[in-house]
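Undergrad: Turn this into a model:
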Amino acid sequence: MLNTVRQLLDVKGYQVWSISPDATVYAALEMMAGKNVGALVVCEGSQLVGMISERDYARKVILHGKTSKQTRVREIMSSPVYSVGPEQTIRECMQLMSSKHIRHLPVVDQGKVVGVISIGDVVNEIIRQQSETIRFLEDLTLDI
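TA: Got it, this is the predicted structure:
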């Protein structure tokens, strides 16, 4: 059973896709499409400074009449960023994501972004854990 963010990343992988705050939103969208992800970590050097998501684009570019080729990531990124450490539990992540209405959490270990988890990752793990518990309880009642 996966209980911590580290355990989840051990299964999911530690891939982090990042972009500079000075890049265009268009470049960010191209990268998201190419990597098949819904958000990117925004880093200035090795420093985490924000997150940019498809939602940021929809709400802060299109609806404001801006263009993605002329708007910089720093203009629409979400900042400050909520992040978690590798030892935090999956349940803690779910609570944070629910209470702050966010879908992606960078995982920071000793000041460095080492992974990103999504609400989908968290929900899938919770469902897997609940299914495992149900199977265990069903097996237990069959033995009685």
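Undergrad: counting contacts, what elements does the top helix by length along the chain pack onto?
TA: Longest helix in the chain, counting residues (DSSP state H): helix 119-143. Where contact means 3 or more C-beta pairs under 8 Å, 6 or more residues apart in numbering; DSSP states H and E, helix 119-143 is packed against helix 5-12, helix 90-100. Where C-beta positions appear, they are placed from N, C-alpha and C, glycine not excepted.
Undergrad: Identify whichever of those lies nearest to Gly45.
TA: Closest approach to Gly45 among those is made by helix 5-12 (22.6 Å; C-beta to C-beta).
Undergrad: Give me the contacts around that closest one.
TA: 2, 84-90, 93, 107, 114-115, 117, 121-122, 125 (C-beta atoms under 8 Å, 6 or more residues apart in numbering).
Undergrad: Is it possible to mark the buried ones in these?
TA: Neighbour counting by 16 or more other C-beta atoms under 10 Å classes 2, 84, 86, 88, 90, 93, 107, 114-115, 117, 121-122, 125 among those as buried.
Undergrad: low-scoring stretches of the protein, by residue?
TA: 1, 143-144 (pLDDT under 70).
Undergrad: Phi, psi for the most centrally placed residue in it please.
TA: Centroid check for the chain by C-alpha atoms, centre = their mean gives His104 as the closest residue, at 2.3 Å. With angles defined as degrees, to the nearest 10, His104 sits at phi -140, psi 140.
Undergrad: Check the spacing between it and Glu132 real quick.
TA: With the distance defined as C-beta to C-beta, to the nearest Å, His104 ends up 26 Å from Glu132.
Undergrad: what helix or strand does Gly28 sit in?
TA: I think there's a mix-up here, since residue 28 is Ala and not Gly. According to DSSP states H and E, Ala28 maps onto helix 25-35.
Undergrad: Packing partners of that helix?
TA: strand 18-19, strand 39-44, helix 54-60, helix 73-76.
Undergrad: Comparing the ones you listed, which comes out most buried?
TA: Of all the helices and strands packed on helix 25-35, strand 39-44 has the most neighbours on average by mean count of other C-beta atoms under 10 Å, namely a mean of 22.
Undergrad: Packing partners of that one?
TA: strand 18-19, helix 25-35, strand 47-53, strand 112-118.
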